[in-house]
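Student: Task: produce atomic coordinates for the following.
(one chain, ligands or ions: 1)
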Amino acid sequence: MRDDFTRLIMEHQFAVDEILTKVSILRTEFLHLHRYNPIEHVSSRVKSPESILDKVSRRGLEPSLSAIKENITDIAGIRITCSFISDTYRVLEALTSQSDVRVIAMKDYIADPKPNGYRSLHAIVEIPVFLSTGPVPVTVEIQIRTIAMDFWASLEHKIFYKYDGDVPSHLATDLKNAATIAGSLDRQMEELHTEVHGATSLDDAKGVHDNID
Ligand code: 0O2
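Tutor: Numbers count the residues shown, from 1 in each chain. Here you go, the predicted structure:
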């Protein structure tokens, strides 16, 4: 089991590395074409064996490798922070439309925020990792959000854990209000950006390629 776990973690780290390379290519290419960077920050993590087993036990699953592979889809996680809402959708599209990326599930918490105010795009994708024994499909959870959404989510996460999930109602209400303000800030920033930069987007990048071809 120990060896299997090491292999599992290693495969997920390789998958994270692959997605990080894809993100880095998109970022550099876009910057080169437009002198504008739609991606502010990228972070990644691979869950520890303890944290995987915690999740398995919380969900009442048996702690077997097959149950883990089937049910725990966020062992590998990438978080991409963008400046503007439109960029979050463009980056999501640019990543998930690649031919080696298979989308397993998509959640749009920007169009449809969670009741507590949480907003973000989530995609569970599967990519092939090429080992010496051949390709292995590995799932990765990609979260894409704006700086304002990320700021909100990181504070909410801290408050949630401080109160062990039982957030006092006045704080929950304040968080919800803060989420509304963050949403309105995102919209205003987007309007300003569009006014100054026009339609600079990853779509333009595609247009430039089309012209070159
Ligand atoms: P951590 O510590 O960030 O990894 P899942 O349990 O992930 O299989 P679920 O809950 O349907 O299934 O998935 P969802 O809604 O896509 O959420 C997955 C992750 O999104 C969470 O992972 C968080 O990282 C983030 N997230 C979702 N909802 C919230 C929220 O209300 N507030 C904050 N701050 N983050 C949220 P984990 O495993 O819960 O936590």
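Student: longest strand anywhere in the protein?
Tutor: strand 134-146 (DSSP state E).
Student: can you list contacts of that strand?
Tutor: Identification of contacts with strand 134-146 by C-beta atoms under 8 Å, 6 or more residues apart in numbering yields 11-12, 14-16, 19, 73-85, 87-88, 91-92, 95, 102, 104, 110, 119-129, 153, 186. Every C-beta, even on glycine, is put in place using the N, C-alpha and C of the backbone.
Student: Just the buried subset of those, written out for PyMOL, thanks.
Tutor: Command for PyMOL that selects the buried part of the contacts of strand 134-146, burial taken from 16 or more other C-beta atoms under 10 Å:
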select buried, resi 11+12+14+15+16+19+73+74+75+76+77+78+79+80+81+82+83+84+85+87+88+91+92+95+110+119+120+121+122+123+124+125+127+129+153+186
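Student: just the contacts of strand 134-146 that are near the ligand?
Tutor: When contact is defined as C-beta under 6 Å from any ligand atom, the contacts of strand 134-146 meet the ligand at 73-74, 122, 153.
Student: now, which of those residues lie within helices?
Tutor: Counting by DSSP state H, these place Ala153 in helices.
Student: Rebuild the ones next to the ligand among the contacts of strand 134-146 as a markdown table, extending it with pLDDT.
Tutor: As requested, these are exported to a markdown table (pLDDT from 0 to 100):
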| residue | pLDDT |
| --- | --- |
| Thr73 | 96 |
| Asp74 | 96 |
| His122 | 98 |
| Ala153 | 98 |
